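[1] The amino acid sequence is not available; the structure is as follows:
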């Protein structure tokens, strides 16, 4: 059964498929591994409608599952255009509770390489490192103290660091 978006933009057809048995929270209903739904929607429309349609049809709570295109998590507010979907793509559906620590490590690495939401730029020897204050402060006592100090560094968008042995390459390695 196709899901049709409303509007006049270009459309894309793709599949949603469960990659493991999904148990509905607080219910005995199950969606079996390999459950497939063909979806057709506008290319610029948020995927939320397709995800909700799939969840409602299969009695699933959207908060209990994760949608992935390859290794990348796909969020309901994103559109097929945002994730560069092709008609041959299949969005895989996983039980969020079964995602292990390996997934967290992958997610943290994606945050590191996706600098879009970085809130501070560390500058070391003329090289810039867009970073996330919360992650730096939780991983390093020196940064925690720096960001809590009330000094200029705690509020500045750009923080200049003293040169270190090994230089920018070593610092980049430490950030990873």
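    Yep, that arrived. Keep in mind that what you see is a predicted model, and the values were worked out from it rather than measured.
[2] out of everything not next to it in sequence, what's closest to the residue most central in space within the chain?
    What sits nearest the mean C-alpha location of the chain, by C-alpha atoms, centre = their mean, is residue 73, with 4.9 Å. Counting by C-beta to C-beta, 6 or more residues apart in numbering, residue 73 lies nearest to residue 66, which is 6.1 Å off, once chain neighbours are set aside. C-beta here means a position set from N, CA and C on the backbone, and glycine is covered the same way.
[3] pretty sure that neighbour belongs to a helix, no?
    No: read with DSSP: H, G, I helix; E, B strand; the rest coil, residue 66 is strand and lies in no helix.
[4] ok, now which ones touch it?
    Residues in contact with residue 66, defined by C-beta atoms under 8 Å, 6 or more residues apart in numbering, are 73, 93-96, 99.
[5] Throw these into JSON lines and include secondary structure, distance to residue 15 and pLDDT, thanks.
    Output for those, formatted as JSON lines (DSSP: H, G, I helix; E, B strand; the rest coil; distance: C-beta to C-beta, whole Å; pLDDT from 0 to 100):
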{"residue": "73", "secondary structure": "strand", "distance to residue 15": "17", "pLDDT": "87"}
{"residue": "93", "secondary structure": "strand", "distance to residue 15": "10", "pLDDT": "83"}
{"residue": "94", "secondary structure": "strand", "distance to residue 15": "15", "pLDDT": "81"}
{"residue": "95", "secondary structure": "strand", "distance to residue 15": "18", "pLDDT": "75"}
{"residue": "96", "secondary structure": "helix", "distance to residue 15": "20", "pLDDT": "74"}
{"residue": "99", "secondary structure": "coil", "distance to residue 15": "21", "pLDDT": "59"}
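[6] which of the residues you listed sit farthest apart?
    Greatest spatial distance in those: 73 and 95, 13.7 Å, computed using C-beta to C-beta.
[7] And residue 77, which helix or strand is it part of?
    Using DSSP states H and E, residue 77 maps to neither a helix nor a strand.
[8] Three-state assignment for the closest residue to it other than its chain neighbours, please.
    Spatial nearest neighbour of residue 77, chain neighbours left out: residue 46 (5.4 Å); criterion: C-beta to C-beta, 6+ apart. Three-state call for residue 46 (three-state DSSP): coil.
[9] Residue 46: what's it in contact with?
    Taking C-beta under 8 Å, 6+ apart as the test, what residue 46 contacts is 76-79.
[10] out of these, who's nearest residue 114?
    residue 78 (13.1 Å).
[11] Show the model's pLDDT score for the closest one.
    The score at residue 78 is 88. That number is its pLDDT.
[12] Can you report how many residues lie near the closest residue to it other than its chain neighbours?
    What sits nearest to residue 78 in space, not counting adjacent residues and going by C-beta to C-beta, 6+ apart, is residue 47, at 5.8 Å. Other residues within reach of residue 47 by the criterion other C-beta atoms under 10 Å amount to 24.
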